[in-house]
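Asker: okay, predicted coordinates and the sequence, questions at the end:
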Amino acid sequence: MSDENSTEPETITSGEFERQPVPDSALLGAGKFWGMYAGEHAAGTEFMIGPLFLAAGASLSDLLLGLLLGNFLAVLTWRFLVTPIAIAKRMTLYYQLERIAGSGLVKLYNVVNGVLFCFLAGAMVTVSASAVGIPFGTMYEVPESTFALGSTDFTIIVILVGAVMAIIAAAGYQTVARVANIAAPWMIAIFAACGIVSLAQMDATSISALSKGEFWQNAIEVVQSKQGASQFGFWQIVVFAWLCNGAMHFGMADLSIFRFARSASSGWAPAIGMFLGHYMAWIAAALLLAAQIKLSQDVTANPGALAWGALGWTGIICVIIAGWTTANPTIYRAGLAFQGVFPKSPRVVMTLVAGAVATAAGAFPNLSAQLLGFVGTYGTVLGPMGAIIFVDFYFMKRFGMREEDAFHRGTSFNLAVLLAWVIPVALGLYLIFVPTSLFPEKLFAAYAVVPCWIASGVIYFALSLLMRDKSNLSTT
């Protein structure tokens with residue numbers, strides 16, 4: 001086959017350069033990336049995740065410092081792990097994996113990726129539906145069972161909201177992205193307002209009250225008196241903040257974004273999403289729950305009700321739009337993943353299928369309440385593929401082997417990649433979901449991301465060495 005620097009004809013692309021490196025003429029300046037990350041990470045998930053920290057028993061000092069460190073680590077990972085490879089290769093995640101792992105294995109990855117995207121989008125459907133129901137007196141209650149439906153009224157609202165989101169996502173990413181970028185500055189301002197109003201509702205606006213943090217501790221005590229004692233410590237917060245987007249940076253999903261970057265400085269753009277979204281917005285959303293507890297002793301983390309209690313109709317609109325700006329691009333991505341499995345199917349059809357799956361997931365309110373665990377599981381499953389890309393890029397030539405082995409062999413299935421992905425992920429999921437003598441309470445999901453990533457890279461490299469022959473030796 002052709003040498004490793006060759007590319008496929010531009011005629012097979014659709015203008016997005018899905019199957020060839022992005023040319024210099026299509027590169028973008030840093031401003032485009034800062035706007036995108038602001039819209040992507042100050043959105044619907046923040047209304048769910050922020051209150052979960054308080055409900056899990058995290059102290060205010062641990063939250064403030066843990067999120068600071070964890071988000072800083074996330075920014076560094078994007079900048080120094082993803083961006084150099086993205087700029088060097090300028091290919092999508094999916095095409096790079098296809099050249100390394102083979103088209104057949106990438107289809108399996110796409111199925112897993114698409115389904116997990118749908119569950120994430122489903123949580124955002126739940127968030128928006130929780131706000132839509134407020135004016136109609138429909139409150140969603142989280143049932144005890146993970147796979148139990150909400151009330152009939154709430155389920156109907158979920159179906160309607162999910163249908164609208166799916167239709168908009170099917171219309172194309174340009175519209176979705178444009179509205180998200182317009183909405184982002186307004187949503188960031190509303191998040192800040194939620195935090196300020198909540199502090200005022202708790203009479204915690206003075207330096208003395210803020211430093212003592214009694215309003216926070218009182219809220220935790222009420223939650224634990226009703227739901228049982230729990231503790232979400234400093235290092236759990238650090239690891240969660242660092243790895244909640246593990247699939248995007250450790251898993252290299254954002255190679256597809258940064259392949260358009262003109263310079264490596266664009267790799268700092270996630271900072272705006274991490275510190276305005278995953279720091280300020282999470283804390284502000286947590287304060288909403290603390291204020292609600294002080295005012296009514298209600299410990300239910302209903303995003304719509306929380307925002308309504310602080311900002312009225314403005315809060316309701318913000319929750320709806322925040323869920324929308326997260327769910328729509330997520331449904332769009334899931335549709336692309338499914339289209340990779342069924343390449344002859346129209347993108348619109350696959351996007352609508354993804355929207356239907358996300359809507360079905362959104363009808364189970366308890367799924368969205370599991371976000372702290374879900375995003376860690378998500379990173380554990382998808383992150384290891386990023387290690388395989390990392391090893392292929394940095395180590396294969398250095399040790400006399402050829403990069404992108406499946407591409408040069410003309411094979412659709414690279415056994416070394418399959419084993420390097422499945423073995424660590426299977427062990428990680430076992431520890432997450434099954435109590436063991438080592439982890440009697442089960443492993444916190446985010447803790448598994450980095451060990452699985454490292455194990456996957458080591459296994460892939462070792463198997464490549466063991467399985468190498470003259471056909472996969474580097475010619476340079």
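Answerer: Received it, and whenever you're ready, just let me know what you need.

Asker: residue ranges in the stretch 101-250 of the chain under the pLDDT threshold?
Answerer: 138-146, 172-181 (pLDDT under 70).

Asker: so which residues of it form strands?
Answerer: Using DSSP state E, counting those that start in this stretch, no strands are assigned anywhere in the stretch 101-250 of the chain.

Asker: all helices for it, in order.
Answerer: For the stretch 101-250 of the chain, the helices defined by DSSP state H, counting those that start in this stretch occupy 103-132, 152-171, 173-201, 207-212, 214-227, 234-243.

Asker: output the fifth one in CSV with nothing but the alpha carbons.
Answerer: Meaning helix 214-227. C-alpha atoms of helix 214-227 as CSV (Å, rounded to 0.1, in the frame of the first residue of the first chain):
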residue,chain,number,x,y,z
GLU,A,214,-21.8,27.3,58.1
PHE,A,215,-24.5,27.6,55.4
TRP,A,216,-22.7,24.8,53.5
GLN,A,217,-22.2,22.5,56.4
ASN,A,218,-25.8,22.9,57.6
ALA,A,219,-27.0,21.9,54.1
ILE,A,220,-24.9,18.8,54.2
GLU,A,221,-26.2,17.8,57.6
VAL,A,222,-29.8,18.1,56.4
VAL,A,223,-29.0,16.0,53.3
GLN,A,224,-27.3,13.3,55.4
SER,A,225,-30.1,13.2,58.0
LYS,A,226,-32.5,12.3,55.2
GLN,A,227,-30.3,10.3,52.8
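
Asker: outside of it, which residues touch it?
Answerer: Helix 214-227 is contacted from outside by 54-55, 57, 59-60, 199, 202-204, 209, 230, 289-290, 293-294, 297, 299, using CB atoms under 8 Å, 6 or more residues apart in numbering. (C-beta placed from N, C-alpha, C; glycine too.)

Asker: quick one: closest of the helices of the stretch 101-250 of the chain to residue 343.
Answerer: helix 103-132 (9.2 Å; CB to CB).

Asker: now that closest one against helix 152-171, angle please.
Answerer: What separates the directions of helix 103-132 and helix 152-171 is an angle of 130 degrees, with axes from the mean of the first three to the mean of the last three CA atoms, to 10 degrees.

Asker: give me the buried positions along helix 103-132.
Answerer: 103, 105-107, 109-110, 112-132 (16 or more other CB atoms under 10 Å).

Asker: repeat for stretch 36-44
Answerer: 36, 37, 38, 39, 40, 41, 42, 43, 44.

Asker: buried residues of stretch 357-371, list them for me.
Answerer: Within stretch 357-371, judged by 16+ other CB under 10 Å, the buried ones are 357-371.

Asker: send me that stretch as PDB with only the CA atoms.
Answerer: Provided in PDB are the C-alpha atoms of stretch 357-371 (Å, rounded to 0.1, in the frame of the first residue of the first chain):
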ATOM      1  CA  VAL A 357     -32.100   6.500  22.300                       C
ATOM      2  CA  ALA A 358     -31.200   9.600  24.200                       C
ATOM      3  CA  THR A 359     -34.900  10.400  24.800                       C
ATOM      4  CA  ALA A 360     -35.500   6.900  26.100                       C
ATOM      5  CA  ALA A 361     -32.600   7.300  28.500                       C
ATOM      6  CA  GLY A 362     -34.000  10.700  29.600                       C
ATOM      7  CA  ALA A 363     -37.200   9.100  30.800                       C
ATOM      8  CA  PHE A 364     -35.300   7.400  33.600                       C
ATOM      9  CA  PRO A 365     -34.600  10.300  36.100                       C
ATOM     10  CA  ASN A 366     -32.200   8.200  38.200                       C
ATOM     11  CA  LEU A 367     -29.800   7.900  35.300                       C
ATOM     12  CA  SER A 368     -29.100  11.700  35.400                       C
ATOM     13  CA  ALA A 369     -28.600  11.400  39.200                       C
ATOM     14  CA  GLN A 370     -25.700   9.000  38.500                       C
ATOM     15  CA  LEU A 371     -23.600  11.500  36.600                       C
END
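
Asker: what sits against residue 439?
Answerer: residue 431.

Asker: SS state for it?
Answerer: coil (DSSP: H, G, I helix; E, B strand; the rest coil).

Asker: how about it, phi and psi?
Answerer: Dihedral pair for residue 439: phi -130, psi 80, per degrees, to the nearest 10.

Asker: then residue 203?
Answerer: phi 50, psi 40.

Asker: do the same with residue 401
Answerer: phi -110, psi 170.

Asker: that one against residue 468, yeah?
Answerer: Yes: the criterion here is CB atoms under 8 Å, and residue 401 meets it with residue 468 at 5.7 Å.

Asker: what's the separation between residue 391 and residue 61?
Answerer: 39 Å (CB to CB, to the nearest Å).

Asker: and residue 455, by the same measure?
Answerer: 34 Å.

Asker: which one of those two is surrounded by more residues?
Answerer: residue 455 (19 against 12; other CB atoms under 10 Å).

Asker: the more buried one: which element?
Answerer: helix 449-467 (DSSP states H and E).

Asker: buried ones in that helix?
Answerer: 449-453, 455-457, 459-461, 463-464.

Asker: and if you look at stretch 416-425?
Answerer: Using 16+ other CB under 10 Å as the test for burial, stretch 416-425 gives 416, 417, 418, 420, 421, 423, 424, 425.

Asker: and stretch 429-446, how far out from the chain middle?
Answerer: 22 Å (CA atoms, centre = their mean, to the nearest Å).

Asker: so how far does that stretch reach from one end to the other?
Answerer: 11 Å (CA to CA, to the nearest Å).

Asker: tell me the buried residues in that stretch?
Answerer: In stretch 429-446, counting by 16+ other CB under 10 Å, buried: 429, 431, 432, 443, 444, 445, 446.

Asker: just curious, which of those residues is nearest to residue 249?
Answerer: Closest approach to residue 249 among these (CB to CB): residue 446, at 13.2 Å.

Asker: that closest one and residue 236, how far apart?
Answerer: Residue 446 is 8 Å from residue 236, by CB to CB.

Asker: burial measure for residue 282, as a count.
Answerer: Residue 282 has 26 neighbours, counted by other CB under 10 Å.

Asker: in space, what's closest to it - neighbours in sequence excluded?
Answerer: residue 50 (4.1 Å; CB to CB, 6 or more residues apart in numbering).

Asker: for residue 104, same thing?
Answerer: For residue 104, ignoring the flanking residues on the chain, the nearest one in space by CB to CB, 6+ apart is residue 412 at 3.8 Å.

Asker: residue 384 too?
Answerer: residue 456 (3.4 Å).

Asker: hmm, residue 421 and the one you found touching each other?
Answerer: Yes: in terms of CB under 8 Å, residue 456 counts as a neighbour of residue 421; the distance is 6.1 Å.

Asker: related to what we said a few turns ago, helices and strands around the helix holding residue 455, which ones?
Answerer: With contacts defined as 3 or more CB pairs under 8 Å, 6 or more residues apart in numbering; DSSP states H and E, the packing partners of helix 449-467 are helix 371-394, helix 415-433.
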